[in-house]
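Pasted the sequence and its predicted model underneath.
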Amino acid sequence: MSDLPRKAVTRTVKLAALPLGFAGRTALGLGKRIGGRPAELIAAELQQRTAEQLFSTLGQLKGGAMKFGQALSVFESALPEQIAGPYRAALTKLQEAAPPMPVASVHAALAERLGKDWRDLFEEFDDRPAAAASIGQVHRAVWHDGRAVAVKVQYPGAGEALLADLTQLGRFAKLLGPLVPGMDIKPLIAELRDRVSEELDYELEARAQSAHAQEFAGDPDVVVPGVVHQSDQVLVTEWLEGVPLSEVIANGTREQRDRAGQLMARFLFSGAARTGLLHADPHPGNFRLVTGDAPDGPPEKWRLGVLDFGTVDRLPRGLPVEIGTALRMTLDGQAGTVHDLLRAEGFVKPGIELDPEAVLDYLLPIIEPAQVAEFTFTRDWLRAQAARIADPRSPAYQLARQLNLPPAYLLIHRVTMSTIGVLCQLGATVRLREEMEAWVPGFAADSRTQDTPA
């Protein structure tokens, strides 16, 4: 039996059942309201059942469906609370786990990819998966030299499943759009589809992870596990102990939340500057708060553990200087100059006429976290931003429809927005401006063409 339901008909039926299920529950809810049941109670039941069906289906299918679910999960903070509540538990669960691949299939895959004597490479190998992701699952093991390692095994047929799922999801993207007000789901799905070949290539992932591990070796703030061994569809890396970020989001102390948030912001900006690579999958399942031997020690000693480098954006010169320059000019109120820069970079297409002051009014609330020395990210703040852009009566909505996101900035935009979503889930107080001044070219107050930090 297949480990992953990858036949086109099977997967299409499962995914096609999602919009049909949504419609059916809506009709059922209408019938119950006619029968006299309270609307609020019915709505809560419908939301809970929708969450259960949506994320159960995505998790079972793994592949592109689960990848989409993970990408969507970081935007949970933007949902209105009456909708977000029933979804939150399912989203968090999806970030950390999925139905495992059968043990016999894992062994068969390792024998095929590492050789029939694959067990000789390990002193110990735990058949129970420690984590599951969209295209593979991770097992804890002990390498033959005694090192604790994580062994990531790609699901058989993962590439076919990814493409099939994302193609099918794209067909009813409009139905999924209301899950995150103010966000166009279709470009997200298209961009995920464009990254399939890279994420399936564990050699590319090993190179990206090795580059980060070397650059951050001995770093006081960030730790990246080194690569131990890589072969076709199997990646072995050093094991990293730590508190999963999903646990910090659910039950973390104020100190844990703030430290994790500060380090996420630091890694977002400094990683691109220091390695020329942007980690492009910032959902909570890929991060750990590493407290080491002193979990009760001072928070400034805690580090951020970073996992999964299957998706990266290659930025040899770091983040584009135009980003920092535009942000600084926006904070300085230079409406005309900001408008001209956005037009030059393709954010305003030829033939589109915009009021520079209206552009400034649109941007300033979004970059509020960079206006102050420190900012507390909250779900309420993100919901307000999403609602402002999603309301057809709002000037922000009308202006957003006229702006364009150039392809070169698409992944940077998604990573930034995803990181902000995680910061809001954490409720972290972060000195964002400090990180941007240190690491974003062009943002520092005393420079408009600042070089990338060494």
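Yes, it's here. None of the values given here were measured: they were computed from a predicted structure.

okay, CA-based contacts and neighbour counts for the rest of this
OK.

domain assignment for this protein?
8-96+161-192, 103-158+197-238, 242-454 (automatic domain parsing).

Could you list the low-pLDDT ranges of this structure?
The model of the chain has pLDDT under 70 over residues 1-99, 133-134, 161, 165, 168-185, 188, 191-192, 445-454.

Any idea what the spatially closest residue to residue 227 that is not a sequence neighbour is bridged to?
Spatially, and ignoring its direct neighbours in sequence, residue 227 is nearest to residue 237 (4.4 Å; CA to CA, 6 or more residues apart in numbering). Here residue 237 shows beta-bridge partners residue 150, residue 227, assigned using DSSP bridges.

Now for residue 237: which residues touch it?
By CA atoms under 8 Å, 6 or more residues apart in numbering, residue 237 lies in contact with 149, 150, 151, 225, 226, 227, 228, 229.

give me that answer again for 6 Å
By CA atoms under 6 Å, 6 or more residues apart in numbering, residue 237 lies in contact with 149, 150, 226, 227, 228.

Buried residues in the helix or strand that contains residue 339, which are they?
Per DSSP states H and E, residue 339 falls inside helix 335-344. For helix 335-344, burial by neighbour count (16 or more other CA atoms under 10 Å) applies to 335, 336, 338, 339, 341, 342, 343.

got it, and stretch 205-223?
By neighbour count on 16+ other CA under 10 Å, the buried set for stretch 205-223 is 205-206, 208-213, 215-216, 221-223.

and what of stretch 385-397?
385, 386, 387, 388, 389, 390, 396, 397.

Repeat that for stretch 431-448.
431-437, 439-444, 448.

From the chain's centroid, how far away is the helix holding residue 339?
29 Å (CA atoms, centre = their mean, to the nearest Å).

So which residues make contact with it?
With CA under 6 Å, 6+ apart as the criterion, helix 335-344 contacts 326, 356, 357, 360.

CA atoms only: put the helix or strand harbouring the third one into CSV for me.
To tie it back to what came earlier, the one meant is residue 357. Residue 357 is part of helix 356-366, with elements assigned from DSSP H and E. Extracted in CSV, the C-alpha atoms of helix 356-366 (Å, rounded to 0.1, in the frame of the first residue of the first chain):
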residue,chain,number,x,y,z
PRO,A,356,2.0,59.9,-3.3
GLU,A,357,0.5,61.1,0.0
ALA,A,358,-2.1,58.3,-0.2
VAL,A,359,0.7,55.8,-0.7
LEU,A,360,2.4,57.1,2.4
ASP,A,361,-0.9,56.8,4.4
TYR,A,362,-1.2,53.2,3.2
LEU,A,363,2.4,52.3,4.2
LEU,A,364,2.8,54.0,7.5
PRO,A,365,0.5,51.8,9.6
ILE,A,366,2.1,48.6,8.1
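
now what about it, what contacts it?
Residues from elsewhere that reach helix 356-366, judged by CA under 6 Å, 6+ apart: 335, 336, 339, 396.

helix, strand or coil for residue 129?
strand (DSSP: H, G, I helix; E, B strand; the rest coil).

Wait, it touches residue 139, no?
Yes - contact status for residue 129 versus residue 139: in contact at 4.7 Å, counting by CA atoms under 6 Å.

Any chance you could list what contacts stretch 295-310?
199, 205, 209, 221-224, 286-291.

Redo the residues you listed as a markdown table? Include secondary structure and distance to residue 276.
Shown next, in a markdown table, are the contacts of stretch 295-310 (DSSP: H, G, I helix; E, B strand; the rest coil; distance: CA to CA, whole Å):
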| residue | secondary structure | distance to residue 276 |
| --- | --- | --- |
| 199 | helix | 18 |
| 205 | helix | 14 |
| 209 | helix | 12 |
| 221 | coil | 18 |
| 222 | strand | 16 |
| 223 | strand | 17 |
| 224 | coil | 16 |
| 286 | helix | 20 |
| 287 | strand | 20 |
| 288 | strand | 22 |
| 289 | strand | 24 |
| 290 | strand | 24 |
| 291 | coil | 27 |
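
Pull the most distant pair out of the residues you listed.
199 and 291 (29.4 Å; CA to CA).

what about stretch 274-293, how long is it end to end?
In stretch 274-293, first residue to last residue: 28 Å (CA to CA, to the nearest Å).

For that stretch, buried residues please.
Buried positions in stretch 274-293, judged by neighbour count with 16+ other CA under 10 Å: 274-291.

which residues sit against that stretch?
By CA under 6 Å, 6+ apart, stretch 274-293 touches 95-96, 242-246, 272, 302-307, 311-316, 318, 415.

Buried only: go through those residues for me.
By 16+ other CA under 10 Å, the contacts of stretch 274-293 give 95-96, 242-246, 272, 302-307, 311-314, 318, 415 as buried.

Name only those of the contacts of helix 335-344 that count as buried.
Here, 16+ other CA under 10 Å leaves 326, 356, 360 buried among those.

Let me know the distance separating the last one from residue 324.
Distance, residue 360 to residue 324, using CA to CA: 15 Å.

mind listing the strands for this structure?
Secondary structure of the chain (DSSP state E): strands at 122-132, 136-143, 148-154, 222-223, 227-231, 234-238, 243-244, 277-279, 287-290, 303-306, 312-314, 375-376, 429-430.

Using a markdown table, please lay out the ones you listed together with distance to residue 350.
Listed next are those as a markdown table, based on distance: least, CA to CA, whole Å:
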| stretch | distance to residue 350 |
| --- | --- |
| strand 122-132 | 45 |
| strand 136-143 | 44 |
| strand 148-154 | 45 |
| strand 222-223 | 43 |
| strand 227-231 | 47 |
| strand 234-238 | 46 |
| strand 243-244 | 46 |
| strand 277-279 | 30 |
| strand 287-290 | 41 |
| strand 303-306 | 41 |
| strand 312-314 | 27 |
| strand 375-376 | 36 |
| strand 429-430 | 38 |
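
So for residue 351, which of these sits nearest?
strand 312-314 (30.5 Å).

who does the closest one pair up with?
strand 277-279 (antiparallel).

I'd like the buried residues of helix 335-344 as CSV, with distance to residue 364 appended.
Shown next, in CSV, are the buried residues of helix 335-344 (distance: CA to CA, whole Å):
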residue, distance to residue 364
335, 11
336, 14
338, 12
339, 13
341, 16
342, 15
343, 18
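
Tell me the one of the residues you listed nearest residue 411?
For those, the nearest to residue 411 is residue 342 (17.2 Å; CA to CA).

what's the spacing between that closest one and residue 360?
11 Å.

Check residue 384 too.
18 Å.

Which residue ranges of the stretch 351-454 of the chain form helices?
For the stretch 351-454 of the chain, the helices defined by DSSP state H, counting those that start in this stretch occupy 356-366, 379-390, 395-402, 407-426, 432-439.

what's the closest of the ones you listed to residue 124?
Between those, helix 407-426 lies closest to residue 124; by CA to CA that is 34.8 Å.

Okay, angle between that closest one and helix 379-390 too, please.
Orientation of helix 407-426 against helix 379-390 (axes from the mean of the first three to the mean of the last three CA atoms, to 10 degrees) gives an angle of 140 degrees.

sorry, back to before: which one of the strands of the chain lies closest to residue 401?
Of the strands of the chain, nearest to residue 401 by CA to CA is strand 312-314, at 25.9 Å.
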